[in-house]
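**Q** Sequence first, then the predicted structure:
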Amino acid sequence: GHLGLGDLIVLYDDNHITIDGDTDLAFTEDVKMRYESYGWQVLVVDDVANGLDDLRAAIDEGKKCTDKPTLIKIRTEIGF
């Protein structure tokens, strides 16, 4: 966050799946809150499978933010 990096957009896939099952088994971190604490802009798209336009809008919103990087946390379904 402190370096600026306004051209950086990261897509974080939050599909809740690991090899062993649901991520709740071994992962309790709040990714959105962690990146916000780093000073990033964090956007959330809850359902990419049915909301591709929402993902496009989030990417456009991320491009508008020029003073810090953007993390777009997306929720996908494996095999969809």
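**A** The structure has been received and is ready for your questions. Numbering: from 1, shown residues only.
**Q** center of this protein, which residue is that?
**A** Lys73 (1.7 Å; Cα atoms, centre = their mean).
**Q** any idea how far that residue lies from Trp40?
**A** From Lys73 over to Trp40 the distance is 11 Å, taken as Cβ to Cβ, to the nearest Å. Every residue, glycine included, has its C-beta placed from N, CA and C.
**Q** List the residues that contact Asp46.
**A** 54, 75 (Cβ atoms under 8 Å, 6 or more residues apart in numbering).
**Q** looking just at contacts, which helices and strands does the lengthiest helix in the chain meet?
**A** The residue-count maximum for a helix in the chain (DSSP state H) belongs to helix 52-64. Here helix 52-64 touches strand 9-13, strand 41-45, strand 70-74, going by 3 or more Cβ pairs under 8 Å, 6 or more residues apart in numbering; DSSP states H and E.
**Q** Of those, which stretch is the most buried?
**A** strand 70-74 (a mean of 21; mean count of other Cβ atoms under 10 Å).
**Q** looking only at pLDDT, what's the mean for that strand?
**A** Averaging pLDDT along strand 70-74 gives 95.
**Q** Report the angle between that strand and strand 41-45.
**A** If you take axes from the mean of the first three to the mean of the last three Cα atoms, to 10 degrees, strand 70-74 sits at 20 degrees to strand 41-45.
**Q** Return the alpha-carbon coordinates of strand 70-74 using PDB.
**A** These are the backbone C-alpha positions of strand 70-74, laid out as PDB (Å, rounded to 0.1, in the frame of the first residue of the first chain):
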ATOM      1  CA  THR A  70      -6.600  -3.200  -5.700                       C
ATOM      2  CA  LEU A  71      -7.600  -6.700  -4.500                       C
ATOM      3  CA  ILE A  72     -10.800  -8.100  -6.000                       C
ATOM      4  CA  LYS A  73     -12.000 -11.000  -3.900                       C
ATOM      5  CA  ILE A  74     -14.100 -13.200  -6.100                       C
END
